[in-house]
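S.K.: Compute the structure for the input listed below.
(one chain, ligands or ions: 1)
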Amino acid sequence: MALDEAKALTYLEATNAGSIPSEQLQAMARAMAALPEFIHALARASGATVKALDRPANYPFAGCEAFQFLEISHVPDFDPRRDYPHARSLGAGINAFKLIDDQVRSRPTIEVRLSTPVLKLLTDADRRVIGVEVPGAEGPRRILARGGVVLACGGFEAGTEMQKRYWQMRPVLPASTLGNTGDGFRMAQALGAELSHMWHFHGTYGFRHVDDSYPFGIRTKKLPDWTPEKDQGGVPMTWILLDRGGQRFMNEYEPYLHDTGHRGMDRYDATRQRFSALPAILLFDEVGRQRYPVARSYTNDPHIAPYDWSEDNLREVELGILQRADSLEALAQQMQVPPAELNETLARWNAACASGAPDPFGRPANTRLPISTPPYYFGHVWPVVSNTQGALVHDTGQRVLDTFGQPIDGLYVAGELGSIWGFLYLSGGNLAECLISGRLAGQGAALSTDVRGNREERNGTMADADRADRPVRNDRAAA
Ligand SMILES: Cc1cc2nc3c(=O)[nH]c(=O)nc-3n(C[C@H](O)[C@H](O)[C@H](O)COP(=O)(O)OP(=O)(O)OC[C@H]3O[C@@H](n4cnc5c(N)ncnc54)[C@H](O)[C@@H]3O)c2cc1C
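M.R.: Numbering: from 1, shown residues only. Just a heads-up that it's a prediction; the model follows:
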């Protein structure tokens, strides 16, 4: 939420770096300032408690102090283990989900259909969106909309082919969802929708399981974020990253590591026709091994158990996700990097840890630890995407715009699929945007008028569709 609309706008302008039209950012700043009222109303309806957390925005641009987190700290009679048995992350986020779920359940006219993937959008002769097509027991079924259709089907975290079309670096491993493969983009593009900042994703780096059937990237441990110029940064991080030549190449501990951690890996070496740090080598020593687990898996997929990283990092050595080397010579050989480069890299690193000299990549001194106590441990890390920020271009009423800037009649977008986080992400911004854009899109669709300005009533509703495929799973929400 925003404590001050004007200051919030200043910050959003700076972090979007011209990627998003100003009126969009103004609308977002205004809505973020009005958000507490809505959240408190949702909380009251569920008897929940809201706690304000003073956490300024991530970067020290003007206006960063204008933001605050609202956490749903308690929901009475709610036991996430009982009520959402597939959920693995039991923090405050699940309480927020519960408030929304309560709202949906309190309106019997809303029919929730899970396991009902929308295949395409339906249009009338005037190219107005009038409904969606879904699979049915005897072939595709049509569900007609009374007003408009809101696409809220997320990004392309697991859309490997789409990622290759928009991102240079590859492969990028999904952190936690397999259901988002970019359907919303394709359906809207088929009607001429314009796209924006497709390059941008919220991500970092992480390990790949040795078992190829485990589909998720395992992100490195979440260490505290830090704000450049305001504090000295984070806590000790046990590792450094090396490229394929055995040299450091980036700040391993960026201010908001789980947002921009992957960006430094996007370096293609045209002289060798390969990415110089894909995969990168994550290296730590025995002292680091004992300090904490270097990674942790986050996933709520009900069908795939998350991989539990061991407390002492040793199970991963047994599995082969990490490798151990007793000497620097053996380490260089196992890593397949030139021994002289590795020795030089570690000598420079350890000397800088001792002296506190500024790091050429900007890693703060108090996050650095020497790597000098054998045995040494290393593993390969790849970029990991938590969620994509690339979006369907829309207006301030969430109407999807075509490549000529005209609204596609009857089509709205909400949530991540319409993200306005154009360059640097605002922590917590995705969920704030879901609440804001969801309301706007819903209102727009409900009040949707046809090209002649009349409110259109359509006879067909969900009731027309095949009811045989009732909700069975909790992983694909109907758009
Ligand atoms: C590990 C992790 C931590 C995060 N932490 C935060 C945080 O702290 N704060 C924050 O603000 N954000 C956070 N995010 C981001 C945030 O969770 C997402 O941006 C947000 O959930 C997006 O919501 P959405 O409803 O737009 O899309 P989603 O939650 O992705 O939902 C889209 C749904 O559409 C379904 N779908 C896809 N295609 C179709 C189709 N053709 N037909 C029907 N359904 C379809 C998908 O299966 C999915 O269920 C985090 C994300 C991850 C992965």
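S.K.: Do a quick rundown of the strands in the stretch 51-200 of the chain.
M.R.: With strands called from DSSP state E, counting those that start in this stretch, the stretch 51-200 of the chain shows them at 69-74, 120-123, 129-134, 141-144, 149-151, 173-174, 195-196.
S.K.: most tightly surrounded among those?
M.R.: Greatest average neighbour count among the strands of the stretch 51-200 of the chain goes to strand 149-151 (a mean of 26), per mean count of other C-beta atoms under 10 Å. The way it works is simple: take the backbone N, C-alpha and C, and place the C-beta from them, glycine included.
S.K.: Could you confirm whether it reaches the ligand?
M.R.: No - figure legend: strand 149-151 not in contact with the ligand (C-beta under 6 Å from any ligand atom); closest approach 8.7 Å.
S.K.: Checking residue 229 next. Helix, strand or coil?
M.R.: Three-state call for residue 229 (DSSP: H, G, I helix; E, B strand; the rest coil): coil.
S.K.: Without its sequence neighbours, what residue ends up closest to it?
M.R.: Nearest non-adjacent residue to residue 229, counting by C-beta to C-beta, 6 or more residues apart in numbering: residue 60, 4.7 Å away.
S.K.: Is the one you found in contact with residue 226, as I believe?
M.R.: No - applying C-beta atoms under 8 Å as the test, residue 60 and residue 226 come out as separate, 10.7 Å apart.
S.K.: Tell me how far the residue in the chain positioned nearest to the ligand lies from residue 181.
M.R.: Per C-beta to the nearest ligand atom, residue 415 is where the chain lies closest to the ligand, at 2.2 Å. The spacing between residue 415 and residue 181, counted by C-beta to C-beta, to the nearest Å, is 16 Å.
S.K.: same deal with residue 412?
M.R.: Using C-beta to C-beta, residue 412 is found at 21 Å from residue 181.
S.K.: can you pull out the strands in the stretch 201-350 of the chain?
M.R.: Under the criterion DSSP E, counting those that start in this stretch, strands of the stretch 201-350 of the chain are mapped to 201-208, 217-219, 240-242, 268-269, 274-275, 280-285, 323-325.
S.K.: what sits against the residue of the chain closest to the ligand?
M.R.: Contacts of residue 415 were listed using C-beta atoms under 8 Å, 6 or more residues apart in numbering, and they are 152, 154, 430, 433, 434, 437, 438.
S.K.: Show the overlap between those and what lies near the ligand.
M.R.: 152, 154, 430, 434.
S.K.: just to revisit the earlier point, neighbour count for residue 60 and residue 226, which is higher?
M.R.: Neighbour count, other C-beta atoms under 10 Å: between residue 60 and residue 226, residue 226 has more, with 20 against 16.
S.K.: doesn't residue 364 make contact with that one?
M.R.: Yes - the criterion here is C-beta under 8 Å, and residue 226 meets it with residue 364 at 6.9 Å.
S.K.: Find residues that contact each of these two.
M.R.: Common neighbours of residue 226 and residue 364, using C-beta under 8 Å, 6+ apart, are 232, 233, 234, 253.
S.K.: hmm, which of those are the buried ones?
M.R.: Neighbour counting by 16 or more other C-beta atoms under 10 Å classes 233, 234, 253 among the shared contacts of residue 226 and residue 364 as buried.
S.K.: if we can go back for a sec, more crowded one of residue 412 and residue 181?
M.R.: The residue with more neighbours, out of residue 412 and residue 181, is residue 412; 31 against 22, by other C-beta under 10 Å.
S.K.: Next, the more buried one: secondary structure please.
M.R.: Following three-state DSSP, residue 412 is assigned to strand.
S.K.: separation between it and residue 394?
M.R.: Per C-beta to C-beta, residue 412 is found 8 Å from residue 394.
S.K.: swap in residue 130?
M.R.: When distance is defined by C-beta to C-beta, residue 130 is 19 Å away from residue 394.
S.K.: Nearest residue to the middle of this structure?
M.R.: By C-alpha atoms, centre = their mean, the chain has its centre lying nearest to residue 387, at 2.3 Å.
S.K.: quick one: contacts for that residue?
M.R.: Residue 387 makes contact with 154, 155, 157, 177, 201, 202, 416, 430, according to C-beta under 8 Å, 6+ apart.
S.K.: Can you list which of these are found in helices?
M.R.: Using DSSP state H, the subset of the contacts of residue 387 located in helices is residue 430.
S.K.: Adding pLDDT, write the contacts of residue 387 out as CSV.
M.R.: As requested, those are exported to CSV (pLDDT from 0 to 100):
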residue, pLDDT
154, 97
155, 98
157, 97
177, 86
201, 98
202, 97
416, 98
430, 96
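S.K.: Dump the contacts of residue 387 into CSV; add neighbour count as well.
M.R.: Formatted as CSV, the contacts of residue 387 follow (neighbours: other C-beta atoms under 10 Å):
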residue, neighbour count
154, 21
155, 27
157, 28
177, 20
201, 28
202, 26
416, 26
430, 18
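S.K.: of the contacts of residue 387, closest to residue 3?
M.R.: Proximity of those to residue 3 (C-beta to C-beta) peaks at residue 430, which lies at 19.5 Å.
S.K.: wouldn't the closest one be in contact with residue 202 here?
M.R.: Yes - under the criterion of C-beta under 8 Å, residue 430 makes contact with residue 202 at 7.4 Å.
S.K.: Would you mind listing what in the stretch 51-200 of the chain touches the ligand?
M.R.: Counting by C-beta under 6 Å from any ligand atom, the residues of the stretch 51-200 of the chain that sit close to the ligand are 117, 118, 152, 153, 154, 175, 176, 179, 180, 183.
S.K.: what's the nearest residue to residue 81 if we skip its chain neighbours?
M.R.: Spatial nearest neighbour of residue 81, excluding adjacent residues (C-beta to C-beta, 6+ apart): residue 90 at 7.2 Å.
S.K.: Oops, could you answer that again for residue 75 instead?
M.R.: In this structure, residue 75 finds its nearest non-sequential neighbour in residue 48, 4.4 Å apart by C-beta to C-beta, 6+ apart.
S.K.: Residue 293 now?
M.R.: Excluding its sequence neighbours, the residue lying closest to residue 293 (C-beta to C-beta, 6+ apart) is residue 309, at 4.8 Å.
S.K.: what residues are up against that neighbour?
M.R.: Contact analysis of residue 309 by C-beta under 8 Å, 6+ apart lists 218, 293, 294, 295, 296, 297, 315, 316.
S.K.: Same question for residue 194.
M.R.: Here residue 194 is in contact with 392, 393, 401, 402, 403, 405 (C-beta under 8 Å, 6+ apart).
S.K.: Repeat that for residue 246.
M.R.: For residue 246, the contact set (C-beta under 8 Å, 6+ apart) comprises 281, 332, 335, 337, 338, 341, 342, 345.
S.K.: try it again with 6 Å
M.R.: 337, 338, 341, 342, 345 (C-beta atoms under 6 Å, 6 or more residues apart in numbering).
S.K.: For it, which non-adjacent residue is closest in space?
M.R.: Closest to residue 246 by C-beta to C-beta, 6+ apart is residue 337, at 3.3 Å.
S.K.: Repeat that for residue 69.
M.R.: residue 53 (4.1 Å).
S.K.: Run a quick check on the one you found versus residue 70, I expect a contact.
M.R.: No - using C-beta atoms under 6 Å, residue 53 is not in contact with residue 70; the gap is 7.6 Å.
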